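[1] Prediction below, plus the sequence it came from.
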Amino acid sequence: MTSPLTQNSSGGCARHFAAMALSALSAWLATATALGQPAPGLDLHWQAPVGCPQQSDVRDRFRKLTGATSSTTGQLQADGAITQTDSARFHLRLIVHSGKLVGERNLDSSSCVDLAGAAAVTLALLMRSEAPLNEQDIRGSQQPSTATSSAAPPGGAASETAERTEPEKPTTNDAHEPSPASPDARSPGPSETSPRPWRVVLQAPRAALSIGPLPQPSWALAFGTGANYKRWRFLLEGADWKQQHVPAQNFPGYGADVDRATAGLRTCRAERFSAFEVAPCLLLSLEHISARGTGAHIAPRSEQVTFLGVGAGVRAGVYLARWFGFFVGVDAQIETARPRISIDGVGAVGELGPATLTATVGPEWIL
């Protein structure tokens, strides 16, 4: 956006504003160039699951630890990769190159944030080493290491270097910023594993489409609530199905209005792939059926029956944030009873099916 300026006859004001504009443009270009440059002295290639610190995060932490200058002659090249070994553990493989020297470090932790912090600290200590790096410095300790919440670097060269030189603290503007390994230092991401083993889960509202046990397909509004424990998920579910009219085939004008409600207990074991999840499930449900005859001279009397159903299914989900995602599921269930619907004086109207196939879709809230 521009603002109109009034130019005086001497032209001095115009020259003054032109000088100010050139100065501001130069400062902006210098800032943009600095922001676009990689971390000084570090060529970093980084891979991590969604929800874990990414390459830009590790570079920023490295810059804050090393400042604008470094003591190591030459440039470090680092290849880091974080993989999730199970629902609660992560593994870091960090390969460091300095000239002809090559070293590999492996760490495990329950937090990928801690691993990213440990990588940034390790690289910063190597970069700030005043003495020339040797093979032991690059390789570090060969014993298996575990990253802790304080983001302590692995043993060997990094630990020895830490005694010689301590990374500078952030400037005054960053004085209140969390440490590299603090959980508060990372940006929230989808499907990041929570440090708490138990999480409350709410699936509502859900839309469900069922084929069986009623003669015609039916749909329902449903909900589910329960808890996650590591890979396991336990849900209590309920659904209220749309009323269905079942006509008597041999007696036109007669039939029954059938209402169906279900309640169930679901147990799933999830496998997570970055922001995606697949979970096979076992299901135990309670089916409640009520029917009321319709037609001329038929008393509006309802009959009810309740029975169990057992089944299995699979759920697939995508998580847009640590606390929110969408899922779709398919279940197959065997009914333990097949009630018949009949009307006094008319006879049988229909019989419920022996099995049910249900598809469900909806959002999931993780609290």
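    Thanks, I have it.
[2] so where do the helices sit in the chain?
    12-36, 55-66, 112-127, 135-139, 157-164 (DSSP state H).
[3] what number of residues lie near the residue lying closest to Q54 once chain neighbours are set aside?
    Among residues not flanking Q54 along the chain, A48 sits closest, at 6.0 Å (C-beta to C-beta, 6 or more residues apart in numbering). Using the backbone N, CA and C atoms, a C-beta is placed for each residue, glycine as well. The number of residues packed near A48 is 25, by other C-beta atoms under 10 Å.
[4] please renumber so the chain begins at 8
    Sure thing, new numbering starts at 8, so read that last one as A55.
[5] Phi, psi for P346 please.
    phi -60, psi 150 (degrees, to the nearest 10).
[6] Isn't it up against P361?
    No. With contact defined as C-beta atoms under 8 Å, P346 does not reach P361; the gap is 11.3 Å.
[7] Looking at the two, which has the bigger crowd around it?
    Between P346 and P361, counted using other C-beta under 10 Å, the more crowded position is P346 (19 against 13).
[8] For the stretch 8-157 of the chain, give me the ranges with low pLDDT.
    Applying pLDDT under 70 to the stretch 8-157 of the chain flags residues 8-47, 75-81, 137, 148-157.
[9] how about a cut-off of 80?
    Scanning the stretch 8-157 of the chain for pLDDT under 80 picks out the ranges 8-48, 74-82, 93-95, 135-157.
[10] Now that V335 has come up, it's in contact with G320, right?
    No. With contact defined as C-beta under 8 Å, V335 does not count as touching G320 (10.8 Å).
[11] Tell me where the stretch 58-207 of the chain has strands.
    Applying DSSP state E, counting those that start in this stretch to the stretch 58-207 of the chain gives strands spanning 83-93, 96-105, 108-116, 152-153, 205-218.
[12] Take these and write them to JSON lines, including distance to W372 and mean neighbour count.
    Formatted as JSON lines, those follow (distance: least, C-beta to C-beta, whole Å; neighbours: other C-beta atoms under 10 Å):
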{"stretch": "strand 83-93", "distance to W372": "22", "mean neighbour count": "17"}
{"stretch": "strand 96-105", "distance to W372": "25", "mean neighbour count": "20"}
{"stretch": "strand 108-116", "distance to W372": "28", "mean neighbour count": "18"}
{"stretch": "strand 152-153", "distance to W372": "33", "mean neighbour count": "17"}
{"stretch": "strand 205-218", "distance to W372": "4", "mean neighbour count": "16"}
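[13] now the ones you listed as JSON lines including distance to A229?
    Below are the strands of the stretch 58-207 of the chain laid out as JSON lines (distance: least, C-beta to C-beta, whole Å):
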{"stretch": "strand 83-93", "distance to A229": "31"}
{"stretch": "strand 96-105", "distance to A229": "34"}
{"stretch": "strand 108-116", "distance to A229": "38"}
{"stretch": "strand 152-153", "distance to A229": "43"}
{"stretch": "strand 205-218", "distance to A229": "4"}
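[14] coming back round to it: show me which of V335 and G320 is the more surrounded one.
    Between V335 and G320, counted using other C-beta under 10 Å, G320 has the larger neighbour count: 20 against 13.
[15] what's that one in contact with, if anything?
    When contacts are counted by C-beta atoms under 8 Å, 6 or more residues apart in numbering, G320 touches 287-288, 290, 336-339, 365.
[16] Tell me which of the strands of the stretch 58-207 of the chain lies nearest to D247.
    Among those, the nearest to D247 by C-beta to C-beta is strand 205-218 (9.9 Å).
[17] name the helices or strands packed onto that closest one?
    When contacts are defined as 3 or more C-beta pairs under 8 Å, 6 or more residues apart in numbering; DSSP states H and E, strand 205-218 packs onto strand 225-236, strand 239-248, strand 362-373.
[18] Of all those strands, which one is nearest Q82?
    Among the helices and strands packed on strand 205-218, strand 362-373 sits nearest to Q82 (C-beta to C-beta), with 42.1 Å.
[19] who touches the closest one?
    201, 206-220, 229, 235, 316, 318, 320, 324, 329-342.
[20] Next, the buried residues of that strand.
    By 16 or more other C-beta atoms under 10 Å, the buried positions in strand 362-373 come out as 363-365, 367, 369, 371, 373.
[21] Among those residues, which one sits closest to N113?
    Using C-beta to C-beta, those come closest to N113 at I373, 30.5 Å.
[22] can you count the residues close to the residue lying closest to that closest one once chain neighbours are set aside?
    Distance criterion C-beta to C-beta, 6+ apart; nearest residue to I373, sequence neighbours excluded, is W330 at 4.9 Å. Residues lying near W330 (other C-beta under 10 Å) number 16.
[23] okay, W330: pLDDT?
    The score at W330 is 89. That number is its pLDDT.
[24] Contact partners for it?
    The contact partners of W330, by C-beta under 8 Å, 6+ apart, come to 372-374.
[25] Put together TSV for those residues, with distance to V109 and pLDDT on each row.
    Shown next, in TSV, are those (distance: C-beta to C-beta, whole Å; pLDDT from 0 to 100):
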residue	distance to V109	pLDDT
W372	47	93
I373	41	89
L374	46	87
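[26] Of these, which is the nearest to I350?
    W372 (44.6 Å).
[27] Return the set of residues that bridge with that closest one.
    According to DSSP bridges, the residues that bridge with W372 are L209, F331.
[28] With C275 instead?
    Bridge pairing for C275 - DSSP bridges - gives R240, C288.
[29] got the contact list for it?
    239-240, 242, 286-289, 322.
[30] The strands of the stretch 58-207 of the chain: which one's closest to D264?
    Per C-beta to C-beta, nearest to D264 of the strands of the stretch 58-207 of the chain: strand 205-218, 17.2 Å.
[31] Just the C-alpha atoms of that closest one, please, in PDB.
    Taking C-alpha atoms only, strand 205-218 is exported to PDB below (Å, rounded to 0.1, in the frame of the first residue of the first chain):
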ATOM      1  CA  TRP A 205      -4.600 -43.000  28.300                       C
ATOM      2  CA  ARG A 206      -6.600 -40.700  26.100                       C
ATOM      3  CA  VAL A 207     -10.300 -40.000  26.100                       C
ATOM      4  CA  VAL A 208     -11.900 -40.600  22.700                       C
ATOM      5  CA  LEU A 209     -15.200 -39.300  21.300                       C
ATOM      6  CA  GLN A 210     -16.700 -40.200  18.000                       C
ATOM      7  CA  ALA A 211     -19.700 -38.100  17.300                       C
ATOM      8  CA  PRO A 212     -21.700 -37.600  15.300                       C
ATOM      9  CA  ARG A 213     -21.400 -40.700  13.300                       C
ATOM     10  CA  ALA A 214     -23.400 -41.800  10.200                       C
ATOM     11  CA  ALA A 215     -24.100 -45.500   9.800                       C
ATOM     12  CA  LEU A 216     -25.600 -47.600   7.000                       C
ATOM     13  CA  SER A 217     -26.600 -51.100   7.800                       C
ATOM     14  CA  ILE A 218     -27.600 -54.100   5.600                       C
END
